[in-house]
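J.: no FASTA, just this:
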Ligand SMILES: Nc1ncnc2c1ncn2[C@@H]1O[C@H](COP(=O)(O)OP(=O)(O)OP(=O)(O)O)[C@@H](O)[C@H]1O
């Protein structure tokens with residue numbers, strides 16, 4: 001499988017804190033790749049660099065053949081940040097419509113895109129509701145919908161299911177799997193074990209280092225443990 005994302009020798013500090021150290025990893029086209037690690041491990045920092053909104057001190061990132069950052073790349077990446085970037089005074093539909101206008105979709109494309117993404121996150125019945133009347137979970141779902149509006153090749157999700165109940169979390173993962181089957185590459189950060197289990201491959205992050213990277217099955221097998229949590233600890237992680 002060819003690579004979609006290549007991270008080479010990445011390092012970054014905030015002041016005196018070395019947040020990322022010697023990060024090398026490759027995300028293959030068409031896989032769901034997870035970044036698993038406890039709070040503060042550096043997941044968000046790494047994701048922001050891959051998206052191109054934060055510049056690393058050292059190392060480089062390629063998406064396909066293109067070096068990050070690049071405006072062209074922005075068009076092929078869907079990014080859902082940890083905090084929701086939504087207009088609180090607008091309805092769900094108006095938020096998506098606004099995004100569609102930024103992406104330059106015509107009227108028919110807009111209509112279809114809005115319909116499709118609202119269906120994926122199961123918010124069709126709430127499309128006319130003002131966002132500040134949404135629950136936290138509904139806002140996360142709308143943010144996910146927003147990240148899908150321009151049919152990106154690479155979808156980057158920073159803790160996408162925080163605040164979302166288990167049933168909906170399950171349905172969102174089913175949708176992510178479908179998107180993958182349709183050729184999308186998905187990079188997702190999480191510290192939830194059952195989500196990590198659903199990834200094709202995982203990088204375990206601790207204190208700014210990748211301590212292990214493989215399929216969930218191999219990570220467990222290599223350390224002869226039953227759970228990913230056990231594997232994380234065996235590789236030298238702390239409690240997640
Ligand atoms: N803008 C910033 N300025 C200074 N320090 C920062 C900044 N952003 C992140 N950090 C620090 O970098 C470290 C890694 O943070 P990061 O948000 O990447 O971790 P994370 O693994 O995503 O955690 P979480 O799961 O809680 O989101 C933390 O110690 C954090 O305090």
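T.: Structure received. The shown structure was predicted, so the numbers you read here are calculated from the model rather than taken from an experiment.
J.: Using the three-state scheme, assign residue 211.
T.: strand (DSSP: H, G, I helix; E, B strand; the rest coil).
J.: just checking, it touches residue 235?
T.: Yes - if you go by Cβ atoms under 8 Å, residue 211 and residue 235 touch, sitting 4.6 Å apart. Yep, even glycine has a C-beta here, placed from its N, CA and C like the rest.
J.: Give me the common contacts of the two.
T.: Residues touching both residue 211 and residue 235 (Cβ atoms under 8 Å, 6 or more residues apart in numbering): residue 204.
J.: And residue 232, how close does it get to residue 167?
T.: To residue 167, residue 232 is 26 Å away according to Cβ to Cβ, to the nearest Å.
J.: If you could redo that for residue 192, that was the one I meant.
T.: Computed as Cβ to Cβ, the residue 192 to residue 167 distance reads 15 Å.
J.: For the two, indicate the residue with more neighbours.
T.: Using other Cβ atoms under 10 Å as the criterion, residue 192 and residue 167 rank with residue 192 on top: 15 against 8.
J.: leaving aside the residues next to it on the chain, what's closest to the more buried one?
T.: residue 161 (7.1 Å; Cβ to Cβ, 6 or more residues apart in numbering).
J.: what helix or strand does that neighbour sit in?
T.: Under the assignment given by DSSP states H and E, residue 161 is not contained in any helix or strand.
J.: Could you do residue 171 as well?
T.: Assigned by DSSP H and E, residue 171 falls within helix 166-181.
J.: Just after that helix, pick out the following helix or strand.
T.: The helix or strand immediately downstream of helix 166-181 is strand 185-190, counting by DSSP H and E.
J.: Run the chain-centre distance for the helix or strand following that following strand.
T.: Counting by DSSP H and E, the next helix or strand C-terminal to strand 185-190 is helix 193-197. Centroid separation for helix 193-197 versus its chain: 14 Å, with Cα atoms, centre = their mean, to the nearest Å.
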